[in-house]
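Engineer: This is a predicted model, with the sequence first.
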Amino acid sequence: MKVRLFSLGAFALTGISMLSACGRAGGNGTLPGPGLTQVQIALKAPAVPAAARRRAKFIAPSVQSGTFSVNGGTPAIAPLVAGAPGCVTTTSGLTCTVTLTVPFGNDTIRVALYDAANATGALLGTGTATATIAPGPMTTVGITIGGVVASVNLALGTTAPPGGTTTTIPLTVTALDADGNIIIADPFATPITLTDSDTSGATQLSTTSLASPAQAVNVTYSGVLLANATFSAAVTGATIAVQSAVLTPKTASTTDWSTFGFNPQRTGYNPNEAQCCTSAPALIWSRTLAHKYLTAEPIFASNIFTPLVAGGAYVDLLFVADNHSDLYALNAATGAIVWQKELGEQHIQGCSDMPDNFFGITGTPLFDRASNRLYVVDGAGKLWAFDPATGSTATGWPAGGLNVVTTPTLDHVYSALNLDSVHGIIPVPTASYCDSGHWTGALRFVNVNSATVASTFIFGQNGEWGSGMWGMDGTAIDASTGDIFGASGNAEPSEVSLYSDSLLRWTTGTFAIAASSESTNNIVDDDYGAGPSLFPAPDGSQCTGAENKSGVLFVYEADQIAAGTTASPQLGAPSSDDFNSATPTYSPLTGMIYITTGFTGGPQPPGLYAYAVLSSCRLGPAPTWSQAIGTTNILSPTTIANGVVFVADGRNVYGFNAATGAQLWTLTDGISSVYAGMTVANGMLFVANWDGSVTAYAAPGAQALGGARR
């Protein structure tokens, strides 16, 4: 909306015009005093059909009155409607002329327009101009009426851009006055401030201050993982109505592998994987760590912003650890070290679990995205919580770690950590080094909110001692109840005591034993070498199962453990070593559990077995399919993703069709013995090898998402 100040004789056809004259009579027929002149202001509101009201141009058609002041003096009020003095209606619209008396010299003239009589109602526009008024030649000065913003509507060119690539998106900002007229002329009476709810840097506004309707605004989305971003508006000193715009990217599927076996139930099944690996994967990178003997499963955290890469970038991080308590954060796309920590270790003579007798980070760490913490237990018996992006101690956690093992020279954490996210509890199991000394097997329940040990369960009862949990998988947790399941090993001085060699369930909140069932195979070493997993039956029953060193897979209804097993197939022959110590995994797509056994001499040869899960947690009478594999007695737990079962022995990694058992491929490049399961996430396969190397693979031709989002 333009206002122009002219000398005598000029007249504007649109907008607001001011006409000045030297010595001309005013509206009352009198001449102004010495040094004064008169200015005529002509305002034109165009004829606009009611249906087109929201597309009003120039002066808003709903203007009813205005105020006109000179040099801050008392404003004159004029009606600006048909029939008012000085207002003439033509086919092109309404033109109103207002006459003011102004002094010669530099004058500041202010105009304010309202939607009701006598300068009442809503303020629709304001404008100010400074003009030099002098006798003689004509002068022209522009006055701009800025629309007063009462509401703002924001609209994105697309609300769901694709993930994995940078996108520039137009943001349309529509400002309206109090009567719903769209403000299209320059500028706004007060600039509009734009805001972005995203603080991660994934989205950027091209400007945060909008002074004019003609000003273009864009949003740049980097393509990284983002739930949503809300764009809003405000005007300083005013309360306005805002229709915000929400960006919800179609971000390429990104998934965390945050704990052993993917989830708290330890099913080993990643439901979100769609790329890896129905055909033989290719080696992407390999990194040899400072020490050998890796027993922890790699933990994968997607889209972590870290200042340690390229001055600040989003990367996928892979957390790996060794038994000298070196903890690494690797760039999952390249294998480069992002940060590294060296924690406490123990040197235990006479225990061959670790060939060099060093015990450090044996159990798999835990990543919790909700709290942005990486938890790990070292060989000194301390539970640490780190910021995954930097490796610094997490806010609220003891700077020197939390002691969770009373006597770390006798007791050790072999098992993976797990999290009851509902109650904020991490169960931390301990057991002995090779049954050495007078150890105290325990399960400690750590409250992560207070960084304290809330309760401790001691396995040795009624004069017995020892026992504990040696399984690499540790506990399984029922996501609906928070109940905790575990499987224990032998006590001392006898093999069997009340809670040794048993599958157990602890109730959340009380941390008391809810049920237990003892293995009774009458062999010398009747331990559970692995922990349990939880999986459903077709009738909705919750099942749990664990493999015993006897070579038997014991299966129960999870809420009726004391009632005894529902299935107990004999797989391999009994072994006092860790050759029958794999976690049963489960695929909801096939309704099968998958289990490995590594010891010869039993009714089944070493290999991989798939059993159908039936109602009431029974298993099919025979394996649905099986594969005899194994170049050594060591077979890893299985991992299931994208219809593929992944399993490793001492020399190879295999891929099998999860439904039929058909062998899809064999991978030998960069593989040694694998004790923990493999990690499959975001198009890549990660393997932590016993020899101290970590290897990463992807299907040929597949774009690993870790690289696509950078």
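Structural biologist: Perfect, I can see it now.

Engineer: shaky segments in the stretch 501-650 of the chain?
Structural biologist: 519-525, 575-580, 599-602, 631-633 (pLDDT under 70).

Engineer: ok, 50 please
Structural biologist: Across the stretch 501-650 of the chain, no stretch falls below the confidence threshold (pLDDT under 50).

Engineer: what ranges do the strands span in it?
Structural biologist: Secondary structure of the stretch 501-650 of the chain (DSSP state E, counting those that start in this stretch): strands located at 502-506, 513-518, 533-536, 542-547, 553-557, 585-587, 592-597, 607-612, 625-628, 639-641, 644-648.

Engineer: Would you mind measuring from the closest residue to residue 434 other than its chain neighbours to residue 471?
Structural biologist: Distances taken as CB to CB, 6 or more residues apart in numbering place residue 351 nearest to residue 434, at 3.8 Å, with adjacent residues excluded. C-beta coordinates here come from the backbone N, C-alpha and C atoms, glycine included. The spacing between residue 351 and residue 471, counted by CB to CB, to the nearest Å, is 17 Å.

Engineer: who has more neighbours, the two?
Structural biologist: Counting neighbours by other CB atoms under 10 Å for residue 351 and for residue 471 shows that residue 471 has the greater number, 30 against 16.

Engineer: Setting aside sequence neighbours, what's the nearest residue to residue 648?
Structural biologist: Nearest non-adjacent residue to residue 648 (CB to CB, 6+ apart): residue 674, at 3.8 Å.

Engineer: Could you check how many residues crowd around that neighbour?
Structural biologist: 25.

Engineer: Roughly how far does it sit from residue 323?
Structural biologist: 15 Å.

Engineer: Can you name every helix or strand that the strand or helix carrying residue 98 contacts?
Structural biologist: Per DSSP states H and E: residue 98 is located in strand 93-103. Packing partners of strand 93-103 (3 or more CB pairs under 8 Å, 6 or more residues apart in numbering; DSSP states H and E): strand 36-46, strand 65-70, strand 76-79, strand 87-90.

Engineer: could you show me where the strands are in the stretch 151-300 of the chain, in order?
Structural biologist: Under DSSP E, counting those that start in this stretch, the stretch 151-300 of the chain gives strands at 151-156, 167-176, 192-196, 203-205, 209-210, 218-221, 229-235, 241-243, 245-247, 269-270, 282-288, 299-306.

Engineer: and the last one, which residues are buried?
Structural biologist: Neighbour-count burial for strand 299-306 flags 299, 300, 301, 302, 303, 304, 306 (criterion: 16 or more other CB atoms under 10 Å).

Engineer: List the contacts of the residue nearest to residue 434.
Structural biologist: 357, 359, 433, 434, 436 (CB atoms under 8 Å, 6 or more residues apart in numbering).

Engineer: Now do the contacts for the second one.
Structural biologist: Remark: with contacts taken as CB under 8 Å, 6+ apart, residue 359 is in contact with 323, 345, 346, 347, 348, 351, 353, 379, 412, 433.

Engineer: Just the buried subset of these, please.
Structural biologist: Buried among the contacts of residue 359 (16+ other CB under 10 Å): 323, 345, 346, 348, 351, 353, 379, 412, 433.

Engineer: Closest one of these to residue 401?
Structural biologist: residue 379 (11.6 Å; CB to CB).

Engineer: Tell me if I'm right that the closest one and residue 342 touch.
Structural biologist: No. If you go by CB atoms under 8 Å, residue 379 and residue 342 don't touch, sitting 11.1 Å apart.

Engineer: hey, what's in contact with both of those two?
Structural biologist: residue 325.

Engineer: of all the buried residues of strand 299-306, which comes closest to residue 219?
Structural biologist: Within the buried residues of strand 299-306, proximity to residue 219 (CB to CB) peaks at residue 303, which comes in at 18.9 Å.

Engineer: Report the rounded mean pLDDT for the strand holding residue 98.
Structural biologist: Across strand 93-103, the average pLDDT comes to 80.

Engineer: Next, the buried residues of the helix or strand following it.
Structural biologist: Using DSSP H and E, the helix or strand that directly follows strand 93-103 along the chain is strand 105-116. Judged by neighbour count (16+ other CB under 10 Å), strand 105-116 contains these buried residues: 107, 109, 110, 111, 112, 113, 114, 115.

Engineer: Quick check: which element contains the nearest residue to the fourth one once chain neighbours are set aside?
Structural biologist: Using CB to CB, 6+ apart and skipping the chain neighbours, the partner closest in space to residue 111 is residue 127 (4.9 Å). In this structure, residue 127 is located in strand 120-133 according to DSSP H and E.

Engineer: what mean pLDDT does that strand have?
Structural biologist: 87.

Engineer: Go through it and flag the buried ones.
Structural biologist: 121, 123, 124, 125, 126, 127, 129, 131, 133.

Engineer: what's the answer for stretch 461-476, then?
Structural biologist: Neighbour-count burial for stretch 461-476 [16+ other CB under 10 Å]: 464-476.

Engineer: Check stretch 216-233 too.
Structural biologist: 217, 219, 221, 222, 223, 224, 225, 226, 229, 231, 232, 233.

Engineer: Closest one of the residues you listed to residue 278?
Structural biologist: For the buried residues of stretch 216-233, the nearest to residue 278 is residue 225 (24.7 Å; CB to CB).

Engineer: Just the pLDDT at the closest one, thanks.
Structural biologist: So, for residue 225, pLDDT stands at 67.

Engineer: For the stretch 351-500 of the chain, which segments are assigned as helices?
Structural biologist: For the stretch 351-500 of the chain, helices defined by DSSP state H, counting those that start in this stretch do not occur.

Engineer: and the least confident of the buried residues of strand 299-306?
Structural biologist: Comparing the buried residues of strand 299-306 by pLDDT, residue 303 comes last, at 86.

Engineer: so that residue makes contact with residue 254?
Structural biologist: Yes. Counting by CB under 8 Å, residue 303 sits close enough to residue 254 to count as a contact (5.8 Å).

Engineer: Give me the residue ranges of the chain where confidence is low.
Structural biologist: Using pLDDT under 50, the chain drops low at 1-31, 48-58, 703-710.

Engineer: I'd like to know how far the closest residue to residue 605 other than its chain neighbours sits from residue 607.
Structural biologist: Closest residue in space to residue 605, ignoring its immediate chain neighbours: residue 628 at 4.5 Å, by CB to CB, 6+ apart. Residue 628 is 4 Å from residue 607, where distance means CB to CB.

Engineer: quick one, which of those two is more surrounded?
Structural biologist: Applying other CB under 10 Å to residue 628 and residue 607 shows that residue 607 carries more neighbours, namely 21 against 10.

Engineer: Show me how the record splits this protein into domains.
Structural biologist: 2-147, 151-247, 291-702 (automatic domain parsing).

Engineer: Point out the most buried one among these.
Structural biologist: Across the domains of the chain, averaging neighbours per residue (mean count of other CB atoms under 10 Å) puts domain 291-702 on top, at a mean of 21.

Engineer: re earlier: distance to residue 267 for the buried residues of stretch 216-233 - can I get that in TSV?
Structural biologist: As requested, these are exported to TSV (distance: CB to CB, whole Å):
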residue	distance to residue 267
217	47
219	39
221	34
222	33
223	31
224	28
225	24
226	28
229	33
231	40
232	42
233	46
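
Engineer: Among the buried ones among the contacts of residue 359, which one sits closest to residue 634?
Structural biologist: residue 353 (13.4 Å).
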